[in-house]
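A.B. asks: model the structure of this input:
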Amino acid sequence: MENEHTEHSHTKSKCAFCEASETMERVMGAFGPSEDATNHFRQSKVEFLKGIRSMLDDQIQDMGRPRKGTRVVID
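C.D. replies: Below is the predicted model of the structure:
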């Protein structure tokens, strides 16, 4: 899988998703894994992304909850 960019315009560096993807591709390319190993690596990439999605879902849900605050009376 080819990345469409080398760096993000807002940070001038690669994001964690791109870094992880490129690392996985380097590992797969360096060892010339079998089809079975390639499938395992591909599945691990899917599971990694599902984990990120789960963390984002948790953050979104948490942001939707009303926040309890302390009332301060100002004279």
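
A.B. asks: all contacts plus neighbour counts: C-alpha atoms, from now on.
C.D. replies: Will do.

A.B. asks: can you tell me the helix or strand for Leu49?
C.D. replies: helix 35-64 (DSSP states H and E).

A.B. asks: how close does Asp62 get to Ala30?
C.D. replies: 41 Å (Cα to Cα, to the nearest Å).

A.B. asks: kindly report the same for Leu56.
C.D. replies: 32 Å.

A.B. asks: of those two, who's got more company?
C.D. replies: Neighbour count, other Cα atoms under 10 Å: between Leu56 and Ala30, Leu56 has more, with 12 against 9.

A.B. asks: pLDDT score for that one?
C.D. replies: pLDDT for Leu56: 92.

A.B. asks: okay, now the nearest residue to Met28 once chain neighbours are set aside: neighbour count?
C.D. replies: Here the nearest residue to Met28 in space, its sequence neighbours aside, is Thr38; by Cα to Cα, 6 or more residues apart in numbering that works out to 6.9 Å. Using other Cα under 10 Å, Thr38 has 15 neighbouring residues.

A.B. asks: check Arg53 and give its pLDDT.
C.D. replies: pLDDT, read off for Arg53, is 93.
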